[in-house]
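Colleague: Mind looking at a prediction? Sequence and model below.
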Amino acid sequence: MKRLLALVLLLAIGISLAEPAFARRVVVHRGPRRTTVVVRRGWPLRRPARTVIIHPARVAFRVAPRVYLAPIVFTGVVIAAASAPAREVLAWEDGETLSKDDDWTEFTLNCDTRGTKLWYEVAGGQVQADWAEVVFENGDTQVVDFNEKTHDMGLYPLLDFKDGRKVDHVRMVARAKTDQARVVLRMEK
């Protein structure tokens with residue numbers, strides 16, 4: 001009888017120790033993780049770094065910022081639809097959809113294309129932009145300061161480089177001021 005009791009007790013202890021190993025793991029997602037924007041040494045804008053939600057790049061970019069050029073202040077002059085570049089002169093186009101619930105968002109669009117002019121379009125809703133970082137193939141980086149201005153739907157010239165530079169990627173920090181907003185960047189040949 002003592003042997004049976006000892007065996008049952010040993011079996012009960014063994015099961016209680018093994019039970020956590022077979023338990024189902026439950027992962028609780030609490031929404032996207034917020035983090036502080038990371039900028040490199042030499043960053044030209046002098047204001048505190050934002051806390052953002054990062055939308056990961058769909059493709060890893062090839063070139064890291066090496067030298068920051070003097071920042072350019074965005075003028076925000078919308079152009080008439082008739083002045084927009086025709087589809088056949090566009091070398092590249094990509095975009096990101098922003099949600100108002102996410103607040104400030106960092107996203108990277110991989111370009112890897114040579115062109116002469118970069119366009120910024122608010123294709124839906126309203127967007128409040130902080131800055132855009134345009135990284136060229138040689139590591140030169142042009143920061144465009146939007147000064148947190150809100151832009152309505154429309155097409156805006158972002159950067160003009162007549163010498164035909166190759167852009168590796170564009171990183172941007174912005175937020176939707178409407179429920180959803182779409183930002184589209186285009187490169188003209």
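Modeller: All right, it came through fine. Values in this document were obtained by computation on a predicted structure and should not be read as measured data.
Colleague: buried sites along the lengthiest strand in the chain?
Modeller: Scanning the chain for the strand with the most residues, using DSSP state E, yields strand 154-176. Going by neighbour count (16 or more other CB atoms under 10 Å), the buried part of strand 154-176 is 154-159, 161, 165, 167-176. (C-beta placed from N, C-alpha, C; glycine too.)
Colleague: Just checking: what are the partner strands of the helix or strand that it is followed by?
Modeller: The helix or strand immediately downstream of strand 154-176 is strand 180-188, counting by DSSP states H and E. Its sheet considered, strand 180-188 pairs with strand 90-99 (antiparallel), strand 105-124 (antiparallel) by DSSP bridges.
Colleague: where's strand 180-188 relative to the chain centroid, distance-wise?
Modeller: 12 Å (CA atoms, centre = their mean, to the nearest Å).
Colleague: Tabulate the strands paired with strand 180-188 in a markdown table, adding columns for mean neighbour count, distance to residue 51 and mean pLDDT.
Modeller: Formatted as a markdown table, the strands paired with strand 180-188 follow (neighbours: other CB atoms under 10 Å; distance: least, CB to CB, whole Å; pLDDT from 0 to 100):
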| stretch | mean neighbour count | distance to residue 51 | mean pLDDT |
| --- | --- | --- | --- |
| strand 90-99 | 18 | 16 | 96 |
| strand 105-124 | 20 | 10 | 95 |
